[in-house]
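**Student:** requesting a structural model of the entry that follows:
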Amino acid sequence: MAEPLVDGWYAWAHLIPPATLSRNITERHLKIMESYIESPETHEAAVKDPKLLGGPFMDFKHRQVEKVAELRKRTLSERDHLLTLSRAIEELDALLREKAAGFSLEPLYSEVPEALRGYVELVYDLNNHPAFRLIEPLLYKGFHHNGSLQTVALSEISGDDRPFVLSTPRLDDGDSLQLRIPFAHESLDALFRMKHTPSSEEKISEALSLSGQERARFRSFLTTECPQPYTRYAGEGARWRYFGHACILLETRDVSVLLDPVLSYTYESDISRYTYEDLPEVIDYVLITHNHQDHILFETLLQLRHRIRHIVVPRNCTGALQDPSLKLLLQQCGFRNVIEISEMEEIPFEQGSITALPFLGEHGDLNVLTKSAYLLRMGKHKLLFAADSCNISPEVYRHVHNDVGDVDALFVGMECDGAPMSWIYGPLLTQKLERQKDHSRRLAGSNYERALSIVEQFRCKEVYVYALGQEPWLNYVMSIKYTEKSNPIIHSNRLMETCQTRGITAERLFGEKEILLD
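**Tutor:** This next block holds a predicted model:
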């Protein structure tokens with residue numbers, strides 16, 4: 001297992017950009033640490049309660065008050081520049097609320113907090129509502145971005161049970177090997193290339209700057225056993241394989257496309273699944289649908305970086321705090337082959353194409369552009385990957401259908417309850433949102449009616465619902481457990497039943513599946 005960490009916390013998309021990292025440190029990490037230090041027994045009880053899954057509770061096998069206190073002390077003493085940046089964001093928000101009343105914003109630039117001065121543009125919308133735009137490239141180049149916070153923790157894994165990533169730091173307990181290497185460092189490519197191409201212990205140890213006990217620990221991860229060679233699809237048509245959650249690999253004889261790579265490791269399990277061993281050595285296109293931790297997983301992406309020819313992301317350059325640029329973020333993590341694509345733009349390839357389609361909802365009504373559904377044409381086949389799109393305005397897909405026509409198969413998420421907006425975005429808010437408003441703005445996908453509308457609009461012949469986070473190897477990023485009485489199960493069951501009565505193939509995916517296309 002190779003867990004990427006930022007200052008001891010599991011790396012997800014909001015822990016890479018300096019602004020969102022700073023807010024998560026002050027409004028998530030420090031608060032959880034302080035709560036745990038004050039009452040570890042409360043956390044220990046909470047993680048055993050299924051109703052509190054995904055809550056702000058640390059999950060350790062043994063009580064770790066001293067180590068958490070050390071982490072908190074280090075954060076307060078060594079991350080002052082990020083604490084200052086977080087306070088500056090709050091102060092700038094307050095400044096605009098108080099003094100931006102429709103008159104020129106030019107006089108306010110001299111009052112911008114020093115930590116943000118030169119990194120923001122002050123703006124109004126057309127109704128004179130003030131806001132600020134982050135100049136993200138400068139923030140990365142300035143003192144705010146520090147690759148020294150990044151490490152990769154290597155350890156053995158033998159099962160699906162892992163602590164929830166948003167609430168539990170990964171403490172150095174002596175069992176893992178901490179590679180203090182920025183994510184962008186090319187030595188990580190050399191390391192993960194060894195999953196399929198052999199190298200010498202001496203060569204890779206030098207690349208990772210290992211010595212003494214570290215090198216001895218690293219040696220325990222190495223094997224002389226060759227992995228099973230991967231057999232590329234060589235048929236006349238195409239093949240898709242489901243790897244779990246929203247991760248699907250499509251292959252023709254000439255092209256491979258991988259969507260939202262979130263992969264399991266290989267170990268004994270009662271649930272059959274595809275893993276890293278079932279991927280081609282070269283992946284032509286990786287497509288990211290949106291910027292949530294169950295769809296863009298750095299633990300998987302960093303291990304695949306050396307295999308990926310192109311990584312395709314939704315275009316975004318707004319500078320909004322809640323919507324950091326995926327292109328900039330991935331470039332900071334060593335990806336040099338990022339392609340941004342806007343709605344209705346197309347990327348052609350041999351006997352096919354990738355088209356970005358609108359993706360509404362699932363982001364708590366925040367102005368987030370980093371989201372895209374994808375239409376893949378492979379030969380005569382058309383497959384629509386709607387991800388977690390919440391079809392709140394069916395007219396959108398009516399217009400899309402007028403342009404792209406019918407599709408053969410639909411892949412869609414139906415987590416129609418969804419967490420409150422604050423579950424992910426709460427640390428970015430500088431003013432408390434009333435509970436009722438928060439719970440009305442859900443991170444929800446389509447329900448039965450909305451998903452069926454997509455099926456009908458595109459006259460789909462096949463419908464596949466994602467596993468809704470129920471695969472156990474996703475618990476550490478999803479923290480969801482449904483029953484037959486849960487709305488997502490009820491609504492997806494109803495969709496499948498309706499489709500089947502109409503002669504449409506319908507299935508809720510789970511574990512692994514393979515389909516060959518003529």
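**Student:** contacting residues around the closest residue to Ala94 other than its chain neighbours?
**Tutor:** Distance criterion C-beta to C-beta, 6 or more residues apart in numbering; nearest residue to Ala94, sequence neighbours excluded, is Thr430 at 7.3 Å. Any C-beta I mention is one placed from the backbone N, CA and C, and that applies to glycine too. Residues in contact with Thr430 (C-beta atoms under 8 Å, 6 or more residues apart in numbering) are 89-90, 93-94.
**Student:** how about the strands in the stretch 101-250 of the chain?
**Tutor:** 120-124, 130-134, 150-154, 177-179, 238-244, 247-251 (DSSP state E, counting those that start in this stretch).
**Student:** just send these back as TSV, with mean pLDDT too.
**Tutor:** Below are the strands of the stretch 101-250 of the chain laid out as TSV (pLDDT from 0 to 100):
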stretch	mean pLDDT
strand 120-124	98
strand 130-134	97
strand 150-154	97
strand 177-179	96
strand 238-244	96
strand 247-251	97
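**Student:** so which of those strands is nearest Gly54?
**Tutor:** strand 238-244 (18.7 Å; C-beta to C-beta).
**Student:** helix, strand or coil: sort out the residue nearest to Ala94 for me.
**Tutor:** Look at Thr430: counting by DSSP: H, G, I helix; E, B strand; the rest coil, its state is coil.
**Student:** about what we covered before: how about the strands of the stretch 101-250 of the chain in JSON lines, adding distance to Ser453 and mean neighbour count?
**Tutor:** Shown next, in JSON lines, are those (distance: least, C-beta to C-beta, whole Å; neighbours: other C-beta atoms under 10 Å):
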{"stretch": "strand 120-124", "distance to Ser453": "36", "mean neighbour count": "16"}
{"stretch": "strand 130-134", "distance to Ser453": "33", "mean neighbour count": "20"}
{"stretch": "strand 150-154", "distance to Ser453": "43", "mean neighbour count": "22"}
{"stretch": "strand 177-179", "distance to Ser453": "48", "mean neighbour count": "20"}
{"stretch": "strand 238-244", "distance to Ser453": "24", "mean neighbour count": "23"}
{"stretch": "strand 247-251", "distance to Ser453": "22", "mean neighbour count": "23"}
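**Student:** so which of those strands is nearest Glu345?
**Tutor:** Across those, closest to Glu345 is strand 247-251 (C-beta to C-beta), at 19.1 Å.
**Student:** got the angle for that closest one vs strand 238-244?
**Tutor:** 160 degrees (axes from the mean of the first three to the mean of the last three C-alpha atoms, to 10 degrees).
**Student:** which regions of this structure sit below the pLDDT cut-off?
**Tutor:** Within the chain, the segments meeting pLDDT under 70 span 143-144.
**Student:** for the residue lying closest to Gly55 once chain neighbours are set aside, what are its contacts?
**Tutor:** In this structure, Gly55 finds its nearest non-sequential neighbour in Ala46, 6.2 Å apart by C-beta to C-beta, 6+ apart. The contact partners of Ala46, by C-beta under 8 Å, 6+ apart, come to 52, 55, 57.
**Student:** kindly report the same for Gln331.
**Tutor:** Applying C-beta under 8 Å, 6+ apart, the residues contacting Gln331 are Val338.
**Student:** what do you get for the one 4 residues further on?
**Tutor:** If a contact means C-beta under 8 Å, 6+ apart, then Phe335 has 301, 305, 308, 311 as its contacts.
**Student:** assign the second one to helix, strand or coil.
**Tutor:** Read that as Arg305. Per three-state DSSP, Arg305 ends up helix.
**Student:** show me where the stretch 1-150 of the chain has helices.
**Tutor:** 18-24, 30-38, 40-46, 65-78, 80-99, 136-141 (DSSP state H, counting those that start in this stretch).
**Student:** got these as a markdown table, with distance to Leu179 columns?
**Tutor:** Listed next are these as a markdown table, based on distance: least, C-beta to C-beta, whole Å:
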| stretch | distance to Leu179 |
| --- | --- |
| helix 18-24 | 20 |
| helix 30-38 | 24 |
| helix 40-46 | 28 |
| helix 65-78 | 19 |
| helix 80-99 | 22 |
| helix 136-141 | 22 |
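**Student:** out of the ones you listed, deepest packed?
**Tutor:** helix 18-24 (a mean of 24; mean count of other C-beta atoms under 10 Å).
**Student:** ok so, going back, give me the subset of the contacts of Phe335 lying in helices.
**Tutor:** Leu301 (DSSP state H).
**Student:** take the contacts of Thr430 and write them to TSV, including distance to Leu138.
**Tutor:** Formatted as TSV, those follow (distance: C-beta to C-beta, whole Å):
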residue	distance to Leu138
Ile89	15
Glu90	20
Asp93	20
Ala94	23
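**Student:** of those, closest to His196?
**Tutor:** Nearest member of the contacts of Thr430 to His196, counting by C-beta to C-beta, is Ile89, at 43.4 Å.
**Student:** need phi/psi at Pro314.
**Tutor:** phi -60, psi 140 (degrees, to the nearest 10).
**Student:** ok, the closest residue in space to it that isn't next to it in sequence - contacts?
**Tutor:** Using C-beta to C-beta, 6+ apart and skipping residues adjacent in sequence, the residue nearest Pro314 is Ser372, 4.0 Å away. Ser372 is in contact with 289-290, 314, 341, 343, 356-359, counting by C-beta under 8 Å, 6+ apart.
**Student:** closest one of those to Cys247?
**Tutor:** Nearest member of those to Cys247, counting by C-beta to C-beta, is Thr289, at 10.7 Å.
**Student:** surely the closest one is in contact with Pro261?
**Tutor:** No: contact criterion C-beta atoms under 8 Å: Thr289 and Pro261 do not qualify, at 11.1 Å.
**Student:** can you count the residues close to Lys481?
**Tutor:** 13 (other C-beta atoms under 10 Å).
**Student:** helix, strand or coil for it?
**Tutor:** coil.
**Student:** which residue sits closest to Leu138, ignoring its sequence neighbours?
**Tutor:** Tyr119 (5.5 Å).
**Student:** how close does that neighbour sit to Gly142?
**Tutor:** 7 Å (C-beta to C-beta, to the nearest Å).
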